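J.: dropping a prediction and its sequence here:
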Amino acid sequence: MSESPLADERFSVNVVSRAVSFNGHVWDIVTERFRYNDDELSRDFMKHPGAVAVMAFDDEDRFISIQQYRHPVRLREWELPAGLLDLAGEHPLASAQRELAEEVDLAAAEWHVLTDYCTSPGGNDEVVRVFIARGLTPAVHDFARTGEEADMVLRWVSLDDAVDAVLAGRVANSVFQVAVLTAHASRERGWSTLRPGDAPWPQLEWRDESRL
């Protein structure tokens, strides 16, 4: 008998209590007590709004990357244009379009979903959706980049060079790594794995339902 396709399984538990242990500027630390099998457990984790990232390819099949300082790890990391789902009611695709404009001054005519993933499910509820964008044109916006975004470095990178950088351990950002390796695998399949830009995002939907 053949096994079913490998897939995560949605699972609901009885949450007995939920409290905010630390209220932060961007995200909170919450403590939940819940029943699992015959036990009542307590877990602390970071409550995260979720995020989107964009691999925006030009006509030469290079994607735009940014180098930005990240204080917790003391690195100027190479990353993708990305941002939080921090505007209430904004669709993830619209968030990605906004971030692409605000961070690298670009708009795109074609949008697809490359992959969805959980960054660290043992310690936070962050989910990330990575988009592929093509048909690039300059974007007009009034967003002013400040702080760590004020001196970002932009570079167009070929997918092959990015794969080499990931495998050599020269770039450590998880979104960058996941996006690059997934895009490489998708390209090997003629990009047949891509989903529509407005495809459902069950991990985000299930997570948000569990917060109610």
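T.: Right, received. Where do you want to start?
J.: quick check: Val130 touching His112?
T.: No. Between Val130 and His112 there is no contact under C-beta atoms under 8 Å: 10.0 Å. (Each C-beta comes from the backbone N, C-alpha and C, glycine too.)
J.: of these two, which one has the most company?
T.: Val130 (24 against 18; other C-beta atoms under 10 Å).
J.: mind checking how far the helix or strand encompassing the more buried one is from the chain centre?
T.: Using DSSP states H and E, Val130 falls within strand 127-138. Distance of strand 127-138 from its chain centroid, counting by C-alpha atoms, centre = their mean, to the nearest Å, is 11 Å.
J.: repeat for stretch 106-126
T.: Mean C-alpha position of stretch 106-126 versus that of the full chain (C-alpha atoms, centre = their mean) differs by 3 Å.
J.: do the same with stretch 78-90
T.: Relative to its chain's centre, stretch 78-90 lies at 8 Å (C-alpha atoms, centre = their mean).
J.: and that stretch, what's buried?
T.: Residues of stretch 78-90 classed as buried under the neighbour-count rule (16 or more other C-beta atoms under 10 Å) are Trp78, Glu79, Leu80, Pro81, Ala82, Gly83, Leu85.
J.: next, the buried residues of stretch 46-63.
T.: In terms of neighbour count (16+ other C-beta under 10 Å), stretch 46-63 has its buried residues at 46-57, 62-63.
J.: wait, what's in contact with the closest residue to Leu85 other than its chain neighbours?
T.: The spatially closest residue to Leu85, leaving aside those adjacent along the chain, is Gly50, at 4.1 Å (C-beta to C-beta, 6 or more residues apart in numbering). Counting by C-beta atoms under 8 Å, 6 or more residues apart in numbering, Gly50 makes contact with Leu84, Leu85, Pro92, Glu126, Val127, Val128, Arg129, Leu204, Arg207.
J.: how much space between Gly50 and Arg33?
T.: The gap separating Gly50 from Arg33 is 24 Å, by C-beta to C-beta, to the nearest Å.
J.: ok, so of the buried residues of stretch 46-63, who is nearest Ala19?
T.: Nearest to Ala19 among these: Lys47, at 11.3 Å, using C-beta to C-beta.
J.: farthest pair in the buried residues of stretch 78-90?
T.: Largest separation among the buried residues of stretch 78-90 by C-beta to C-beta: Trp78 and Leu85, giving 22.6 Å.
J.: what's across from Ala107 in the sheet?
T.: Thr137 (DSSP bridges).
J.: mind checking how far it is from Leu41?
T.: Distance, Ala107 to Leu41, using C-beta to C-beta: 46 Å.
J.: neighbour-wise, which of the two wins?
T.: Comparing Ala107 with Leu41 by other C-beta under 10 Å, the one with more neighbours is Ala107, at 16 against 12.
J.: could you pull out the helices for the protein?
T.: Ranges of helices within the chain are 92-104, 159-167, 174-188, 202-210, based on DSSP state H.
J.: pick the most deeply packed of those.
T.: With neighbours defined as mean count of other C-beta atoms under 10 Å, the helices of the chain peak in mean count at helix 92-104, which reaches a mean of 21.
J.: contacting residues around that helix?
T.: 50, 52-54, 56, 64, 66, 81-85, 87, 90, 106-108, 111, 129, 131, 133, 139-141, 143, 145, 149, 152, 154, 197-198, 201, 204.
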